[in-house]
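1. quick one, fold the following:
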Amino acid sequence: MDWLAESVVAVVAFLMGSLPTGYLVARAYGVDIRQVGSGNIGATNVLRSVSRWAGRGVFAVDLLKGFLPAFLAPILLPQLDSSITQIIACLCAVLGHNYTPWLGFRGGKGVATAAGGFLAICWPALLIIAMVWLVVFLLSHYVSLASIVGAAALPPLVFGFSGNWKFTAFATLVAVVTVVRHKSNIQRLLTGTEHKFEKKSS
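-> Model prediction:
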């Protein structure tokens, strides 16, 4: 009955990922995050449009939404293929975040949640990507560009550290989806109209 256990993992991970953290936190501040800034419910827009502490909190929770399912699933279900179980858990958590049913199946871009999943799957690769992200961001002040570059670096780093083709194939899928979901940002970067990151004033 492995398929039943994997189905439970998928549903639980999706529901965990679907928690609209950014929307709920912003609402606590009296802000509908979908109506301000970029309109995205992710941590960056919350940090920019609400407060830096609110944004950091959203990032931490969104990270955990990906980390906890991918970390706990193979521990709780050791009889299953751990690679497949972690991939299912991470994928469904990201899908839940990106297409949360609580907001009409419209959510964030899944960067923090995917990062949390890969923190459980291959933490050395995630650590290097975090450093790459930070360097690109500090040099450019574009969160979108840092996220795109980080996503592109994910597959080779995952393969280099894990040597696992299943994880590498999944990392490639995540990278492609991340870039596609940043399509509008890429267009603005190419035309020079993308907004650089500026924190909300105290």
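
2. what about this protein, any weak spots by pLDDT?
-> In the predicted model of the chain, residues 1, 198-202 satisfy pLDDT under 70.

3. for it, what's the longest helix?
-> Looking across the chain with DSSP state H, the single longest helix is helix 52-76.

4. from the contact counts, what lies against that helix?
-> helix 2-17, helix 21-28, helix 43-49, helix 82-98, helix 111-121 (3 or more C-beta pairs under 8 Å, 6 or more residues apart in numbering; DSSP states H and E). Every C-beta, even on glycine, is put in place using the N, C-alpha and C of the backbone.

5. give me the angle between that helix and helix 21-28.
-> 140 degrees (axes from the mean of the first three to the mean of the last three C-alpha atoms, to 10 degrees).

6. pull the distance from helix 52-76 to the chain's centre.
-> Helix 52-76 sits 9 Å away from the centroid of its parent chain (C-alpha atoms, centre = their mean, to the nearest Å).

7. could you check how far the nearest residue to residue 117 once chain neighbours are set aside is from residue 69?
-> In this structure, residue 117 finds its nearest non-sequential neighbour in residue 90, 3.0 Å apart by C-beta to C-beta, 6 or more residues apart in numbering. Note on residue 90: its distance to residue 69, by C-beta to C-beta, to the nearest Å, is 7 Å.

8. shared neighbours, those two?
-> Counting by C-beta atoms under 8 Å, 6 or more residues apart in numbering, the shared contacts of residue 90 and residue 69 are 13, 117.

9. ok, back up a step: most tightly packed of the helices and strands packed on helix 52-76?
-> The highest average neighbour count among these, using mean count of other C-beta atoms under 10 Å, belongs to helix 111-121 at a mean of 27.

10. run the angle between that one and helix 52-76 for me.
-> Calculated by the same axes, to 10 degrees, helix 111-121 forms an angle of 40 degrees with helix 52-76.

11. pull the CA atoms of helix 111-121 into PDB?
-> Extracted in PDB, the C-alpha atoms of helix 111-121 (Å, rounded to 0.1, in the frame of the first residue of the first chain):
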ATOM      1  CA  VAL A 111      11.000  30.300  -3.800                       C
ATOM      2  CA  ALA A 112      11.100  30.100   0.000                       C
ATOM      3  CA  THR A 113       9.000  27.000   0.200                       C
ATOM      4  CA  ALA A 114      11.200  25.200  -2.400                       C
ATOM      5  CA  ALA A 115      14.300  26.300  -0.500                       C
ATOM      6  CA  GLY A 116      12.900  24.800   2.600                       C
ATOM      7  CA  GLY A 117      12.300  21.500   0.800                       C
ATOM      8  CA  PHE A 118      15.800  21.400  -0.500                       C
ATOM      9  CA  LEU A 119      17.200  22.300   2.900                       C
ATOM     10  CA  ALA A 120      15.900  18.900   3.900                       C
ATOM     11  CA  ILE A 121      16.800  17.100   0.600                       C
END
